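Asks: Sequence and predicted structure below; questions after.
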Amino acid sequence: MDKIGVVSTGIYIPENRMTSKEIADQAGIPLEVVEQKMGIKEKPIPGEDDHTAEMGIRAAKQAIEKAGIDPKEIDLVIYIGEEHKEYPLWTAGIKLQHEVGAVNAWAFDTALRCGTTIMGIKVAKDMMKSDPSINTVLLAGGYRNVDFINYQNPRTRFMFNLGAGGGAIILKKGHHENEVLESHLITDGSFSEDVYVTTGGTKNPITKATLEAGLYQLDVLDPPGMKERLEQKSMDNFITCIEKALEKSGYKKEDIGYVAMLHMKKSAHLYVLDQLGVSHDKSIYLENYGHIGQMDQIISLELAEQQGKLKKGDIVVLVSAGIGYAWGANIIKWG
């Protein structure tokens, strides 16, 4: 069976920035809480033309250029961006496919909140293994769920790190570098109605009154209850996903060379590394980016490459969590 490898990645980060001071001022909380506890120095926020799929298109064009491939070689385009995009009922992957010139591909959208990239890599690999006609896959998308944050709502404080940006990754069959190994995912639907936008679906359609009340924004209905049920479980599930993905790939925690982790509060980031026995310099804390959803792992990989943290033969872990709740990890053998 041909190996499947990562050929290239691409990212797009908007120029507009929101600083830790602006977050602190808007939320009425101390600056040190934003910087030290939440772990945000600054984060990108969308400019006028930074639409969700559009940011994915920009990242995809960069990945295609870096890969040095003709877009006509792409067999499949998987949209891994957010559902909050240019239009409410719209397949972004098909637009993405058209804009990058992947005329011989077909496309679809996929969604698992901030777990989408991890899930998308698994889906792409499994499809490539089972279908001889799929040799090159482009995964790309954008994220700007920062649009749903109300800094005056203390219930959503753990999401004040949400930002905006785009990411892309190209996988190729028979590419013997950066081999995609195994994945492991866990979902727990008991949290599915803990964090969501309460208004705008079929249950609570948008009305003038709900709009004026700001009910189109993200909310947490029972913060103490969710924290109590989720906190330790979430940390345990991070570790389980990583351990199981490593085991399926024939490796152990001691073999980890780099962890591409989503942005979360600093203490949680360090807890995961400590539980794995991985030194803190084998991961990058995204304090100048905040949480750009499912783009975090791609951004972390790019930064790690730029900073010389990825060496030939390194076992790289991509790990995510998405509200809903979903946890996942992929393993890549770098170089």
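Replies: Nice, I can see it. These figures come from a predicted structure and were not determined experimentally.
Asks: which ones are touching the residue nearest the centre of the chain?
Replies: The centroid of the chain falls nearest to residue 294 when counting by Cα atoms, centre = their mean (1.1 Å). With contact set as Cβ atoms under 8 Å, 6 or more residues apart in numbering, residue 294 has these partners: 80-82, 112-118, 120, 141, 143, 167, 320, 322. (Glycine included, C-beta is placed from N, CA and C.)
Asks: now the strands for the chain?
Replies: Counting by DSSP state E, the segments of the chain that form strands are 4-12, 17-19, 42-44, 76-79, 106-109, 136-143, 165-173, 179-187, 195-197, 218-220, 256-261, 315-322, 326-333.
Asks: The first one vs strand 315-322, what angle?
Replies: For strand 4-12 against strand 315-322, the angle between stretch directions is 60 degrees (axes from the mean of the first three to the mean of the last three Cα atoms, to 10 degrees).
Asks: Go through the longest helix along the chain and flag the buried ones.
Replies: Secondary structure of the chain per DSSP state H: the longest helix is helix 223-249. The neighbour-count check on helix 223-249 (16 or more other Cβ atoms under 10 Å) flags 223, 226, 229-230, 233-235, 237-239, 241-246, 249 as buried.
Asks: count of residues packed around the residue nearest to residue 141 when sequence neighbours are not counted?
Replies: Nearest in space to residue 141, with sequence neighbours left out and distances taken as Cβ to Cβ, 6 or more residues apart in numbering, is residue 81 at 2.2 Å. Residue 81: 34 surrounding residues under other Cβ atoms under 10 Å.
Asks: closest to residue 44 among the contacts of residue 294?
Replies: The closest of those to residue 44 turns out to be residue 143 (Cβ to Cβ; 10.3 Å).
Asks: okay, that closest one: pLDDT?
Replies: Note for residue 143: predicted pLDDT of 98.
Asks: Which strand residues bridge it?
Replies: Assessed by DSSP bridges, residue 143 has beta-bridge partners residue 165.
Asks: can I assume it is in contact with residue 113?
Replies: No: using Cβ atoms under 8 Å, residue 143 is not in contact with residue 113, being 9.9 Å away.
Asks: Those two: which has the busier surroundings?
Replies: residue 143 (29 against 20).
Asks: And residue 118, how close does it get to residue 142?
Replies: For residue 118, the distance to residue 142 equals 17 Å [Cβ to Cβ, to the nearest Å].
Asks: er, residue 132 actually
Replies: In terms of Cβ to Cβ, residue 132 sits 31 Å off from residue 142.
Asks: Neighbour count for the two, which is higher?
Replies: Comparing residue 132 with residue 142 by other Cβ under 10 Å, the one with more neighbours is residue 142, at 36 against 9.
Asks: Skipping adjacent residues, who's closest to the more buried one in space?
Replies: Take residue 142 and drop its neighbours on the chain: the residue closest to it by Cβ to Cβ, 6+ apart is residue 55, 3.3 Å away.
Asks: swap in residue 332?
Replies: Here the residue nearest residue 332, using Cβ to Cβ, 6+ apart, is residue 316, at 4.4 Å.
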